[in-house]
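Asker: The sequence and its predicted three-dimensional model are supplied below.
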Amino acid sequence: MTARLVRLAEASRLEVPFTFDGVALTGLEGDTVLTAVLLSRGALRQAEFGPEQRAGFCLMGACQDCWIWQEDGARLRACSTELKPGMRLRSAPVSSWPAIGDAT
C-alpha cells in the first residue's frame, strides 16, 4: 500500500522513530501520530463494520475515526496525539484483549 500523504515542507525537523503494527517507521518532531503513519501507509486501520480502510476523518478529535492502540492496550486518538520517540502502536487491539464491554 502506498502512502496517503506526501510531506512537502518542514522536512528538516528531527526524525522520531516508532513502530506501527510491528514495522519500524519514522515521523518528524511535531508530527501527530496520524500524520506520521499516513506518510508511510495508505490507511490507519480497518473499519469495524465493513471492508473499508479508515484514515482519519475530522482531524480534530471529534469523530472517533482515528482511534488506534498502544501495545500496552491503551487507546489513543492518532489525529491529536503528538508522536513520541519509541511509541509502539497497533492498528487493532491484540486479539487476546477482552472486547469493550466484556466482563472480566
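Answerer: Yes, it's here.
Asker: Please identify the helix or strand for the residue nearest to residue 15 when sequence neighbours are not counted.
Answerer: Closest residue to residue 15 apart from its sequence neighbours, by CB to CB, 6 or more residues apart in numbering: residue 26 at 4.7 Å. To be clear about C-beta, it is placed using only N, CA and C from the backbone, and glycine gets the same treatment. Assigned by DSSP states H and E, residue 26 falls within strand 23-28.
Asker: What residues sit buried inside that strand?
Answerer: For strand 23-28, the neighbour count (16 or more other CB atoms under 10 Å) marks 25, 27-28 as buried.
Asker: helices or strands up against the worst-scoring helix or strand of the chain on mean pLDDT?
Answerer: Counting by mean pLDDT, DSSP states H and E, the chain has its least confident helix or strand at strand 53-54, which shows a mean of 84. Contacts defined by 3 or more CB pairs under 8 Å, 6 or more residues apart in numbering; DSSP states H and E place strand 53-54 against strand 45-46.
Asker: And the strand it packs on, what does it pack against?
Answerer: strand 53-54.
Asker: neighbouring contacts of the strand it packs on?
Answerer: Applying CB atoms under 8 Å, 6 or more residues apart in numbering, the contact partners of strand 53-54 are 42-47, 65-66.
Asker: how far out from the middle of the chain is it?
Answerer: 11 Å (CA atoms, centre = their mean, to the nearest Å).
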